[in-house]
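A.B. asks: Predicted model and sequence below, questions to follow.
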Amino acid sequence: MSRHQAYRNYDYENDLDEYEGAGYSDDEEELSPDDRAQMVAGTTQVRIALGGDSSKVTTKQIEEALWHYYYDVEKSVTYLASKYITPKPAKTSAQKSNKSEGGFEGGFEIDHTSVTYRLTWKGIDDKHLERRPHLSLAGFFYDMPWLNIPDGRRTVFIEPYRPIGGLLGGSSSSGKMSKLQALAAARKKKAQDQRLENRKVQSPEKDAALETVKEPNKPISGILAARLGGREDEKPLPIQTKPQLKSTPDKATEYPDTVITQTSTSGVSTTTNPPFDPFDLAAPSAFAQTLLGPSTSWAAPVPRNQYPIPYMSLTSSVTDAFSEPSPDDVVLIAQSKAASTKKKVGSERKDEGAMDGIKAMKIDDTPLPKSKNLDVLSEFEKSRSKKNASFVVVGHVDAGKSTLMGRLLLDLGVVDQRTIQKYRKEAESIGKSSFALAWVLDQRSEERSRGVTIDIATNKFDTDATSFTILDAPGHRDFIPNMIAGASQADFAILVVDATTGAFEAGLKGQTREHSLLLRSMGVSRIIVAINKLDTVGWSRERFDEISQQVSGFLSATGFQLKNVSYIPVSGLHGDNLVNKSSDPASSWYNGNTLIAELESSEPMARALTKPLRMTISEVFRSPQSPLTISGRIDAGSLQAGDALLVQPSGEKAYVKSLELDSEPVDWGVAGQNVVIHLSNIDPIHVRVGDIVCDPKQPIACIDTFTVKVLAFDILMPMQVDVHRGRLHAAGQIVEIPALLDKVKGTVLKKKPKIIKPAGVARIVVRMSNKVPLEIGQRVVLRSGGQTVAAGLLE
Ligand SMILES: Nc1nc2c(ncn2[C@@H]2O[C@H](COP(=O)(O)OP(=O)(O)OP(=O)(O)O)[C@@H](O)[C@H]2O)c(=O)[nH]1
């Protein structure tokens, strides 16, 4: 075993035995082969390093130096040179006495641990090196960090304060005093008198006790003895270092145990807080003796210092901050007082504070809006002249969705040419002139500067038969949650596909496919596929057919019925086949519908008019009509002005002050309509985007665990997921997979599978972090790590 292995496998027992065996052994231990080889090599190197002086040292001396320096040639050479070749002149006695104050000598003398080095390095200096060439305990701990603790950081063990007084159960103030007590009391009094006398003759700043302690080598035992009622001339305690005294009164809290000398108005200094409680240095433990030598060598003084308790140095401003109840406490106290006062209604109200509490509580005295008590459904039947339909525009990023819609609105006259010209100029100024039409929908400055749609943009237009709401969705994968929100409000969809070479293929792998899956998951069954940018491929019919076929393939695989899917070749930029037929001769092969004709022929979904009211909040804002206005699509049921509403999950009640449809004030709204509702009698903090507004008599429940039948788009297993329903996005976890289901029949194929593969249908249990408003029949999308992993219906 090499010496370094021995170092690691150090056996204390051996050394303890050796020590207890009265001293070091003179017998040399045999070196291991490894050590022997290192010793030979080291000796050679040392001799080379010493050069001509090499003859002044013996091989034995070199080996011993190498042994002690763990074969460190450089250190060995330094030692040998200083010891044998150019030894330092002998120290003066003064220098010797200061040895413990610090300084290396020849690399062996280290300050402040004289005890240790007395055993070890002194041994190297003179005899021990000669006698003890093997590993010593003291040498073993040489340069250990705990031996190098600076004086100022050493801790001091302070004996607990011993109360001064009579015998147990007795008291010197009552009853008869024992002789011993009388003697102690007399000594104490004498000592106190003596101390006062001393102080009177000294200046106030130079307190006797302080002065005594300040003297580096003057024992403090006199003070301690006096405090204990003992004699000042008692044997001094072996304390040599002085404590750090603070004489500034405001530092008292910082060093609570330190002597603080204050001068009273009478000019007499008084000492508060005992500087030290008496204690004796404990004898070293058996273990310490083993390590560091017999107790006689443990005479080194331990520097004394004291450390304040954490936080004791807090300034009064900080501590004052907690001297009174916190603002929260004030509110809670007021509320509890108010509650207790409420209980006393009709009886005596003695507590004036409770009255204040009630006054502090804000009472909403807004009068409730009046209701016309209309039969909304019959009103709707009577008034129905146009269909209402919402469609979402989806597709891969940059497929041209916003441009297509901008052009559609321009061609329909919803947006005028001047506005487009203005957008074009502005877009040109930032180098994005091709996005001018997209700016009709992309209104945010960030969307315009980046040329990317971020959130759902809504717009409206009317045809003869239908009132349409456009939901322009972002194509970028980072904004899929917003796309989901749009799809959840749509009756049908326009899937925009970029026909440019390579772009379609990229989109098919990207959001063209994912958006299609999501549409199906959200219950959208009607899709118009707008094969866009055909101008870039010369209106190639082959390209159109190729894309149509591929899209048909994956749409039918996704679950769409092909009779509900139609394909239109378009150019959003040039307005071909949107409202007007393309005038480009290259497109003459197409005889089908324009986009607008396809939209008009699309039937909106059946409305759940008679179901309880449900509306997902898409926007919350302040308007001239109300400080709290919300907008969204009524998913089910109906409402009218004056109705009471329940907002979930806050559970707060609100009232419909008034409402608008297509920017016109109306008295009522029904499922399928996108309405703006001005609320009253509710604090805005209870209303958020994604919340559900419902009928207070038939409220939607807030749940944290639900079972959902899903189609897996990715591998499913117990895992963290984000749950999306409309604008609601919440964190959840798949906690259980009760069954793998047959895709067509829905029967159980396997119970409790560990995982579900992509395209599998399964029943899973999801637990949410918080309660959210969800109910049977709603569609949810599950996403994980930025990917859509599943979607399905709550069971
Ligand atoms: N040549 C040609 N370019 C088009 C056509 N439609 C759109 N573009 C261009 O395609 C780029 C992207 O158009 P956008 O309308 O912003 O695309 P988008 O799909 O809305 O983009 P995101 O919403 O961000 O996903 C713009 O530079 C448009 O000018 C088209 O029919 N022909």
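C.D. replies: Nice, thanks for sending it over.
A.B. asks: ok, longest helix in this structure?
C.D. replies: Ranked by residue count, the top helix of the chain under DSSP state H comes out as helix 179-201.
A.B. asks: name the helices or strands packed onto it?
C.D. replies: Of the remaining helices and strands, those touching helix 179-201 by 3 or more Cβ pairs under 8 Å, 6 or more residues apart in numbering; DSSP states H and E are helix 208-214, helix 221-227. (Each C-beta comes from the backbone N, C-alpha and C, glycine too.)
A.B. asks: let's see it at 7 Å
C.D. replies: If contacts are counted by 3 or more Cβ pairs under 7 Å, 6 or more residues apart in numbering; DSSP states H and E, helix 179-201 sits against helix 208-214.
A.B. asks: Now do the buried residues in the longest helix of the chain.
C.D. replies: Residues of helix 179-201 classed as buried by neighbour count (16 or more other Cβ atoms under 10 Å): 181, 184, 187-188, 191, 195, 199.
A.B. asks: Switch the residues you listed over to JSON lines; also include distance to residue 35 and pLDDT.
C.D. replies: Shown next, in JSON lines, are the buried residues of helix 179-201 (distance: Cβ to Cβ, whole Å; pLDDT from 0 to 100):
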{"residue": "181", "distance to residue 35": "69", "pLDDT": "74"}
{"residue": "184", "distance to residue 35": "65", "pLDDT": "78"}
{"residue": "187", "distance to residue 35": "66", "pLDDT": "83"}
{"residue": "188", "distance to residue 35": "66", "pLDDT": "83"}
{"residue": "191", "distance to residue 35": "65", "pLDDT": "83"}
{"residue": "195", "distance to residue 35": "65", "pLDDT": "79"}
{"residue": "199", "distance to residue 35": "68", "pLDDT": "64"}
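A.B. asks: For the ligand, state which of the residues you listed is nearest.
C.D. replies: residue 199 (87.1 Å; Cβ to the nearest ligand atom).
A.B. asks: three-state assignment of residue 447?
C.D. replies: Classification of residue 447 by DSSP: H, G, I helix; E, B strand; the rest coil places it in helix.
A.B. asks: How about it, nearest residue that isn't a chain neighbour?
C.D. replies: Nearest residue to residue 447, sequence neighbours excluded (Cβ to Cβ, 6 or more residues apart in numbering): residue 454, at 5.3 Å.
A.B. asks: if I pick the one you found, what's in contact with it?
C.D. replies: 444, 446-447, 474, 479 (Cβ atoms under 7 Å, 6 or more residues apart in numbering).
A.B. asks: and if we set it to 6 Å?
C.D. replies: 447, 474, 479 (Cβ atoms under 6 Å, 6 or more residues apart in numbering).
A.B. asks: out of the residues you listed, which touch the ligand?
C.D. replies: Under the cut-off given by Cβ under 6 Å from any ligand atom, the ligand has residue 474 from these close to it.
A.B. asks: Nearest spatial neighbour of residue 77, chain-adjacent residues omitted?
C.D. replies: Nearest residue to residue 77 in three dimensions, chain neighbours excluded: residue 49, at 4.6 Å (Cβ to Cβ, 6+ apart).
A.B. asks: Am I right that the one you found sits in a helix?
C.D. replies: Yes. Under three-state DSSP, residue 49 falls within a helix.
A.B. asks: all numbers from here: first residue = 37
C.D. replies: All right, first residue 37 from here; so that's residue 85.
A.B. asks: So it sits against residue 112, correct?
C.D. replies: No. Using Cβ atoms under 6 Å as the test, residue 85 is too far from residue 112 to be in contact (8.6 Å).
A.B. asks: The two: who's more crowded?
C.D. replies: More neighbours surround residue 112 than the other of residue 85 and residue 112, with 28 against 16 (other Cβ atoms under 10 Å).
A.B. asks: for the ligand, what are the nearby residues on the chain?
C.D. replies: 431, 433-439, 470-471, 474, 487-489, 510-512, 568-569, 571-572, 607-609.
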